[in-house]
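[1] Sequence first, then the predicted structure:
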Amino acid sequence: MASTRVEHAFSRVGPGFAVVESVRVDQITPRARLGITARLILSIIIAFVMLIPVLWMAMTAFKARPDATASPPKVIFVPSLDGFIGLFTNRTQLSAAALAEQQQRTDLNFWERQTLARGMRILGPSKFVSQLSNSLIIAISSTILAVTLGLLSAYAFSRYDIPGKRDWLFFILSTRMLPAVVVTIPIFLMYRAVGLYDTHVGMILLYTVFNLSFSVWLLKGFIDEIPIEYEEAALVDGYSRLQAFRKIVLPQCVTGIAATAVFCLIFAWNEYAFALMLTSEKARTAPPAIPANLGIGGIEWHVIAAGSMLFLIPVVIVTFALRQYLLRGVTFGAIRQ
Amino acid sequence: MSQITLQNITKRFGTVTALNNVSFEVKHAEFFVLLGPTGAGKTTTLRIIAGLTKQDAGSVAFDGQPVDTLPPADRDVAFVFQQYSLYPTMTVYENLAFPLRAPLRRMKEEEIRKRVTETAEVLRISHLLQRKTARLSGGEMQRVSIGRAIVRNPRVYLMDEPLSNLDAKLREALRVELSHLQRTQGSTTLFVTHDQIEALTMADRIGVLNHGCIVQVGTPEDIYDRPATTFVAQLVGSPKINLLNAATDGGVITIMDSDVHLPACELCTDPANLPCEFILGIRPEDVRPDPAGLFAGEIALTEPLGVETLLHIRIGRQTLVSTVPGISPLSRGESVRFGIVRERLHFFDRTTGVRFSE
Ligand SMILES: Nc1ncnc2c1ncn2[C@@H]1O[C@H](COP(=O)(O)OP(=O)(O)OP(=O)(O)O)[C@@H](O)[C@H]1O
Ligand SMILES: [Mg+2]
């Protein structure tokens, strides 16, 4: 259809013929529009299928305990905050007498009344809050360290003639070639020996090392793209190497820094195996805590789902906020803005 | 302002010798042009002077003081780069202010504003000051790069083909402006180009560079009228000089493969100094069509350029190019008589291409 129109238009071009009809390349034919719609619908279906587990998790988080374990599963249910209360508090089952006595009280807050409705009393906050803050501290610190150190070494690798540069770069990359589980036991032994077991410093160090290889390689790609002439101009203009780096290179690779930071943050935030092996009380992060600690007295699916959902939210926010940097990040800076 | 002395500078990149024993001097307040074809080592020379590249051997001195160990910031030179010189994340104003804001200068923001405004006026870019550099035309960018150099008073200006990316009109205009600027400021300038017209029009002195070697240093007149080698002779002058194989038997010079015989008297060179065979150079303007001329030939081609016409005159199996003012009435196939200005002939060695001195 479209092709005949093109031929038609061109056959009339030539001596003696004016171009009376122009063919716009950007004009979308009905057939093409149909294709776009079909593709859109298909993507929505695929996205929906992919998101079912996440959706199910979110639904479970708002179910009461009987609904969460009901068989067949309930799709329509009365929303409840049981899961979140279970996540953040330690409770105790009340005897019938104590229950009656508690029910007389009028000074109970919303959460306490909710708990009381299940025949329980809140004893105090659970460990989840501190575990969540451990996760935050460790993930953010290790990300800052990995990006800073990675930026400096990537700059050095990009700009200086370092003897054995390629070997060094390969060596750095090779730290990523072993699966984490292979090295957990030796690291566990080492950490216990030097007193880094179950410490924030130990986990920050570990995640920094793990992210460093990635951050060096990713940032080197970005810095390689910035022509060295800019820095040379700054050097001649009276700046030192470090000043030129700060004034010229840094502003030009914010994209790369943002992308690298997101990836490092997500890795450190989500890491499970090391955290399970190398922490117990003080420095335990959220990922191993969610499935492990909350299983006292049968698997409390609604509590686990509530924990997972809360845990997911920061990653979603960060990823969404920096989404335009991520595309360049995953393609190692190959796509220009 | 100061003078620059280069002594026996050598620089190799792997197996390529970019500079081979280069020595020359740029005098105080001089406009020195480094002329050479692409790959001659011009940029490398500037980078070594600025301290961006380390030479393998030799020494650079400013005012007699060696600067080889100084980092670029402390050499106090201004560099106009061949490309990529403006900071893309900054506005024109910030670009111009950047050198002044360098920590080692500690200049007050007021003084910076004053200097930037003045510079922008000189280069007529005042209206662009708030614009991001990515949205400038090529000519505007080049002005801003020049502005970034002249906004401070460096000891030396190093300019690496600052006009090469511009269209002909703009290049001409900026050429005049740059010359004017240099004379009024009395600044020591080392200007690199591969364009012989730029060199001849702007330079106080020219250094010709080829394959990393300095071939000749001299005033534009020296370079044009007394080229040291056939390479220099061909590099300057448009249209190119006629280079012809010639022979002499003492009294008469014969252009080979033709019937042109020049009596050796009145020559600038004593024919006794010449070997029997050599290369004869004749500038096109020294071949003059003249009804009473000594020699005869046939017009092979005419190229009218408006202000002048190039005549290709066939003599035997050789062709001589001649320029005549205005549009010539001669046309292809006509026979023509012409004379040769014998005082201005150039003689070069056949194997080395070196000029035989007077
Ligand atoms: N960093 C480098 N590494 C390897 N070779 C180089 C380097 N810089 C320059 N060269 C080589 O040195 C020689 C001189 O280069 P240079 O850039 O000085 O030439 P130029 O005269 O400025 O040429 P152009 O007119 O094209 O700018 C060239 O053969 C070039 O390939
Ligand atoms: Mg160059």
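    Sure thing, it's come through. Ligands and ions are numbered 1, 2, ... in the order given.
[2] ok, which residues in the stretch 201-350 of chain B are in contact with ligand 1?
    Residues of the stretch 201-350 of chain B lying close to ligand 1 (C-beta under 6 Å from any ligand atom): none. All C-beta atoms are positioned from the backbone trio N, CA, C, and that covers glycine.
[3] which residues of the stretch 201-350 of chain B fall in helices?
    B:220-225, B:230-235 (DSSP state H, counting those that start in this stretch).
[4] most packed of these?
    helix B:230-235 (a mean of 21; mean count of other C-beta atoms under 10 Å in any protein chain shown).
[5] For the worst-scoring helix or strand of chain B on mean pLDDT, buried residues please.
    Among the helical and strand segments of chain B, the one scoring lowest on mean pLDDT, DSSP states H and E is strand B:261-263, with a mean of 82. For strand B:261-263, a neighbour-count test (16 or more other C-beta atoms under 10 Å in any protein chain shown) marks B:Leu262 as buried.
[6] In terms of secondary structure, what does it contact?
    strand B:252-255 (3 or more C-beta pairs under 8 Å, 6 or more residues apart in numbering or on different chains; DSSP states H and E).
[7] re the thing from before, out of the helices of the stretch 201-350 of chain B, which gets nearest to chain A?
    helix B:230-235 (27.5 Å; C-beta to the nearest C-beta).
[8] Can you tell me the closest non-neighbouring residue to the residue in the stretch 101-250 of chain A that chain B sits nearest to?
    Of all residues in the stretch 101-250 of chain A, the one sitting closest to chain B is A:Gly238 (3.2 Å; C-beta to the nearest C-beta). What sits nearest to A:Gly238 in space, not counting adjacent residues and going by C-beta to C-beta, 6 or more residues apart in numbering or on different chains, is B:Ala102, at 3.2 Å.
[9] Can you classify that neighbour as helix, strand or coil?
    Taking DSSP: H, G, I helix; E, B strand; the rest coil as the rule, one finds B:Ala102 in the coil state.
[10] next structured bit after the helix or strand containing A:Val54?
    Taking DSSP states H and E as the definition, A:Val54 sits inside helix A:30-61. Sequence-wise, the next helix or strand downstream of helix A:30-61 (DSSP H and E) is helix A:65-68.
[11] And that next one, what's buried?
    For helix A:65-68, burial by neighbour count (16+ other C-beta under 10 Å) applies to A:Arg65, A:Asp67, A:Ala68.
[12] same for whatever helix or strand comes next after that helix, what does it pack against?
    Next helix or strand after helix A:65-68 toward the C-terminus (DSSP H and E): helix A:82-88. Secondary structure elements in contact with helix A:82-88, counted by 3+ C-beta pairs under 8 Å, 6+ apart, are helix A:30-61, helix A:110-117, helix A:128-159, helix A:301-321.
[13] chain center to helix A:82-88, what's the gap?
    24 Å (C-alpha atoms, centre = their mean, to the nearest Å).
[14] what's the helix or strand for the most centrally placed residue in chain B?
    Residue closest to the average C-alpha location in chain B (C-alpha atoms, centre = their mean): B:Ala199, at 3.2 Å. Element membership of B:Ala199 [criterion: DSSP H and E] is helix B:196-202.
[15] Need the three-state assignment for the residue of the stretch 101-250 of chain A closest to chain B.
    Secondary structure state of A:Gly238, per three-state DSSP, is coil.
[16] what separates it from B:Thr189, distance-wise?
    19 Å (C-beta to C-beta, to the nearest Å).
[17] circling back to that earlier point, so which of the helices of the stretch 201-350 of chain B comes closest to A:Arg118?
    Smallest distance to A:Arg118 across the helices of the stretch 201-350 of chain B (C-beta to C-beta): 95.6 Å, for helix B:230-235.
[18] elements contacting the closest one?
    Checking 3+ C-beta pairs under 8 Å, 6+ apart, helix B:230-235 ends up next to strand B:205-210, strand B:213-218, strand B:242-248, strand B:277-282, strand B:346-348.
[19] give the contact list for the residue of chain B found nearest chain A.
    Residue nearest to chain A within chain B: B:Ala102 (3.2 Å; C-beta to the nearest C-beta). For B:Ala102, the contact set (C-beta atoms under 8 Å, 6 or more residues apart in numbering or on different chains) comprises A:Asp237, A:Gly238, A:Tyr239, A:Gln243, B:Ala73.
[20] ok, the third one touching B:Ala73?
    The one in question is A:Tyr239. Yes: with contact defined as C-beta atoms under 8 Å, A:Tyr239 reaches B:Ala73; the gap is 6.1 Å.
[21] neighbour-wise, which of those two wins?
    More crowded of A:Tyr239 and B:Ala73, by other C-beta atoms under 10 Å in any protein chain shown: A:Tyr239, with 24 against 21.
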